[in-house]
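Asker: give me a 3D structure for the following:
(one chain, ligands or ions: 1)
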Amino acid sequence: MAYLALKNINKIYPNGYHAVHNFNLEIEKGEFVVFVGPSGCGKSTTLRMIAGLEDISNGEFLINGKRANEMGPREREVAMVFQSYALYPQMTVYDNIAFGLTLQGVDEDVIEQRVKNIAGILGLTDYLDRLPRALSGGQRQRVAIGRAIIRKVGVFLMDEPLSNLDAKQRVTMRYEIAQIHRETGATTIYVTHDQTEAMTLADRIVVMKDGYVQQIGTPYELYFKPVNVFVAGFIGEPPMNFVRGKVQNGKMHFGQVELDLSKKLKDIAKWEGKELVFGFRPESIELGQREDAYPFTCNVELTEMLGDYTNVYITSDGAQAILKVDSHDTPETDKDLTFYVPFENVYLFDGETENVIAGRED
Ligand code: ADP
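Answerer: Model prediction:
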């Protein structure tokens, strides 16, 4: 039996807005699950329904197989870390972390031992006497996390906990959150709009769009086996390139380009006259000639050197794409470039439903 189960969960706000549609998910004990998607897709609403901060309009939420829809937040044994740190400014780091246990009247000795243990995990041992205003943003967020994890609850819920930090602090905290999870083994549900955070932290990712779950899977599955254009374009950085074209005489046409799709799609005849989306990732191309690949020639507009790799912005017939190449192979701008997309790295999507019809075998 799964530890947490969401069965056909829906949220309709009092103003009639249907924010979450038929959300289904089972979470095992100790799993790290990330809800990801663009702003407004229903991630926080779903998290708040799990926390007990928002009513579930219909559907069922189960904890250890027991209906929890009507349970209050305390009874659910969840702790939530919000985007804003919400620390008590007049209390020291020690007192902020200890607060939940102090309220419960836990023994001072026990509190001290737990605070010290958690401060050790979070690298806050030397800061216990400080007030929040004397800490960096990253340190404050660690205190907020400490305050949440000191209570021995079943589930940690985190809503964009890193969004107030700068880029460098985010990377450090991401690592620390992964470490804390490894050490505590606590079941965690984490909300973010950032696909990199999702990919690096999650055991499983739930991709959402407009209140609907698009796909649930491991980072590997989402990257290599996206179910539709949305997931394919959302996961991966820079995003997957897409070109649309119609199938005529078994070939896909866009601009001057003609592609023999029978190499990729056995039942190409079925798609005659229909529109398809051809997708390939910026990093899954090659510059050296290959037989088992689609060749493309484009104009190089701009290159961005990012260290070991370079992003190459290309155009052809008004279509734009990005390639990711080894910096040693950086092409010249304003010149033509021929590159090859191996058949195995091509994704094809139905132009109408945008669902995948051919992808990777492995
Ligand atoms: P996310 O966390 O993915 O950014 P939210 O779950 O916060 O999205 O919001 C999902 C949708 O529900 C948004 O369109 C938002 O405007 C709407 N929404 C959120 N809270 C309310 C509310 N109290 N009343 C009506 N609509 C709301």
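Asker: all contacts plus neighbour counts: C-alpha atoms, from now on.
Answerer: Will do.
Asker: show me which strand runs longest in the protein.
Answerer: Looking across the chain with DSSP state E, the single longest strand is strand 293-305.
Asker: between the next helix or strand after that strand and strand 293-305, how many degrees?
Answerer: Next helix or strand after strand 293-305 toward the C-terminus (DSSP states H and E): strand 309-316. Note on geometry: by axes from the mean of the first three to the mean of the last three Cα atoms, to 10 degrees, strand 309-316 and strand 293-305 are set 120 degrees apart in direction.
Asker: just the CA coordinates of strand 309-316, formatted as CSV?
Answerer: These are the backbone C-alpha positions of strand 309-316, laid out as CSV (Å, rounded to 0.1, in the frame of the first residue of the first chain):
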residue,chain,number,x,y,z
TYR,A,309,29.9,23.8,-24.7
THR,A,310,28.5,26.5,-26.9
ASN,A,311,24.9,27.2,-27.8
VAL,A,312,24.5,27.9,-31.5
TYR,A,313,21.4,29.8,-32.6
ILE,A,314,20.5,28.8,-36.2
THR,A,315,17.8,29.8,-38.7
SER,A,316,16.4,28.3,-41.8
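Asker: average model confidence for the helix or strand just after that strand?
Answerer: The helix or strand immediately downstream of strand 309-316 is strand 319-326, counting by DSSP H and E. For strand 319-326, mean pLDDT is 95.
Asker: packing partners for strand 319-326?
Answerer: Other elements packing on strand 319-326 under the criterion 3 or more Cα pairs under 8 Å, 6 or more residues apart in numbering; DSSP states H and E are strand 241-248, strand 309-316.
Asker: kindly recompute the last result at 10 Å.
Answerer: strand 241-248, strand 275-280, strand 293-305, strand 309-316 (3 or more Cα pairs under 10 Å, 6 or more residues apart in numbering; DSSP states H and E).
Asker: quick check: mean pLDDT of the last one?
Answerer: Average pLDDT, strand 309-316: 96.
Asker: how far off centre is that strand?
Answerer: From the chain centre to the centre of strand 309-316 is a distance of 25 Å (Cα atoms, centre = their mean, to the nearest Å).
Asker: pairing partners for it, with directions?
Answerer: Strand 309-316 has the following sheet partners, assigned by DSSP bridges: strand 293-305 (antiparallel), strand 319-326 (antiparallel).
Asker: list the contacts of it.
Answerer: 238, 254-257, 282-283, 296-305, 320-337 (Cα atoms under 10 Å, 6 or more residues apart in numbering).
Asker: buried residues, the longest helix seen in the chain. List them.
Answerer: Longest helix in the chain, counting residues (DSSP state H): helix 167-184. For helix 167-184, burial by neighbour count (16 or more other Cα atoms under 10 Å) applies to 169-170, 173-174, 176-177, 180-181.
Asker: thinking again about what came up before, give me whichever of the strands paired with strand 309-316 is most buried.
Answerer: The highest mean neighbour count among the strands paired with strand 309-316, using mean count of other Cα atoms under 10 Å, belongs to strand 319-326: a mean of 19.
Asker: just checking, next helix/strand downstream of it?
Answerer: strand 336-342.
Asker: residues contacting the closest residue to the ligand within the stretch 151-300 of the chain?
Answerer: Here the residue of the stretch 151-300 of the chain nearest the ligand is residue 211; by Cα to the nearest ligand atom that distance is 6.9 Å. Each residue near residue 211 by Cα under 10 Å, 6+ apart is listed here: 10-11, 18-23, 37, 40-43, 45-46.
Asker: now the strands: where do they sit in the stretch 51-200 of the chain?
Answerer: Assigned by DSSP state E, counting those that start in this stretch, the strands in the stretch 51-200 of the chain fall at 58-63, 66-67, 78-81, 155-159, 187-192.
Asker: and the first one, average pLDDT?
Answerer: Within the predicted structure, the mean pLDDT of strand 58-63 is 97.
Asker: and residue 200, how many residues sit next to it?
Answerer: Neighbour count for residue 200, taken as other Cα atoms under 10 Å: 12.
Asker: for the strands of the stretch 51-200 of the chain, which one sits closest to residue 28?
Answerer: Each of those has some distance to residue 28 by Cα to Cα; the shortest is strand 187-192, at 7.7 Å.
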